[in-house]
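A.B. asks: got a structure for you, letters missing:
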């Protein structure tokens, strides 16, 4: 059953005011659960347990367990069972191509990190651009295997390649290759890669090419799988 609710739903002679007019409710049944401290709660069910919708905070989720949806321009977060999913906050993130255009050739630091103009500075600017919390710490090589919000660690292996937006970690740790990367490692942002190609492209700062008098500025760099790639932090949210 499909039902449009224009600004509210009436039950037992009371008007339930919803923040967004035109809320589309796909439901088999719904009920008003309770009123407490002036807050009304609405529950709706399609195939599964009751899901509660807090008055003045209309949550939405694209999963099958929710039958009440609102427009969430950035999708919705996935909260623990029994907790309403919430619309992901809008942060006006730049797309990867716009991010590259903005930072190419510009010596880039990140607040609180020293020294400046390192590979990690550019990578953290990308993380912050995505409105993700900056939880990575230490030198680039220390990012290998870290568990941080918005990413999942992938160890380099046959047939595996990073996706655009992933943070690729280089380093000689336990590796026999030699790409000139020191013990602190290196990180870049994957731009493109294919399992059918030995070559791939990243967006790097401090790759030690094209010194401009102050830094090795952010630039597109052609890489290959002969370099010491330990793995990558794979982005688990959609690219803007």
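C.D. replies: Nice, thanks for sending it over. The structure displayed is predicted, hence computed values, not measured ones. Numbering: from 1, shown residues only.

A.B. asks: and residue 219, how many residues sit next to it?
C.D. replies: The tally of other residues near residue 219 (other CB atoms under 10 Å) stands at 16. All C-beta atoms are positioned from the backbone trio N, CA, C, and that covers glycine.

A.B. asks: Look up how far residue 136 lies from it.
C.D. replies: The spacing between residue 219 and residue 136, counted by CB to CB, to the nearest Å, is 22 Å.

A.B. asks: One more: residue 114?
C.D. replies: In terms of CB to CB, residue 114 sits 15 Å off from residue 136.

A.B. asks: Please point out which parts of the longest helix along the chain sit buried.
C.D. replies: Longest helix of the chain, by residue count under DSSP state H: helix 119-129. Within helix 119-129, the residues that qualify as buried are 119-127, 129, counting by 16 or more other CB atoms under 10 Å.

A.B. asks: got CSV for the residues you listed, with distance to residue 188 and pLDDT too?
C.D. replies: Shown next, in CSV, are these (distance: CB to CB, whole Å; pLDDT from 0 to 100):
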residue, distance to residue 188, pLDDT
119, 7, 97
120, 10, 97
121, 12, 97
122, 8, 98
123, 7, 98
124, 12, 97
125, 12, 97
126, 10, 97
127, 13, 97
129, 15, 95
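
A.B. asks: if you count what's nearby, which of residue 114 and residue 136 comes out ahead?
C.D. replies: Set residue 114 next to residue 136 and count neighbours by other CB under 10 Å: residue 136 wins out with 19 against 8.

A.B. asks: is it true that that one touches residue 145?
C.D. replies: No - contact criterion CB atoms under 8 Å: residue 136 and residue 145 do not qualify, at 11.2 Å.

A.B. asks: Need the residues touching each of these two.
C.D. replies: Shared contacts of residue 136 and residue 145 (CB atoms under 8 Å, 6 or more residues apart in numbering): none.

A.B. asks: that older thread, could you list every helix and strand in contact with the longest helix of the chain?
C.D. replies: For helix 119-129, the contact count by 3 or more CB pairs under 8 Å, 6 or more residues apart in numbering; DSSP states H and E identifies helix 96-103, strand 167-170, strand 186-193, strand 199-204 as packing neighbours.

A.B. asks: for these, which one ends up most surrounded?
C.D. replies: Most buried of the helices and strands packed on helix 119-129, by mean neighbour count (mean count of other CB atoms under 10 Å): strand 167-170, with a mean of 30.

A.B. asks: per-residue confidence averaged over that one?
C.D. replies: Mean pLDDT, strand 167-170: 98.

A.B. asks: That strand pairs with which strands?
C.D. replies: Applying DSSP bridges, strand 167-170 is found paired with strand 186-193 (antiparallel), strand 229-235 (antiparallel).

A.B. asks: So what touches it?
C.D. replies: By CB under 8 Å, 6+ apart, the surrounding residues in contact with strand 167-170 are 123, 126-127, 140-141, 143-144, 151, 162, 179, 181, 185-190, 202, 223, 227-233, 235.

A.B. asks: for stretch 190-207, same thing?
C.D. replies: The contact list for stretch 190-207, computed with CB under 8 Å, 6+ apart, reads 96, 99-100, 103, 108, 117-119, 121-122, 159-168, 186, 188-189, 215-226, 232.

A.B. asks: Might you report the residue contacts of residue 154?
C.D. replies: Residue 154 is in contact with 160, 162, 166, 231-234, counting by CB under 8 Å, 6+ apart.
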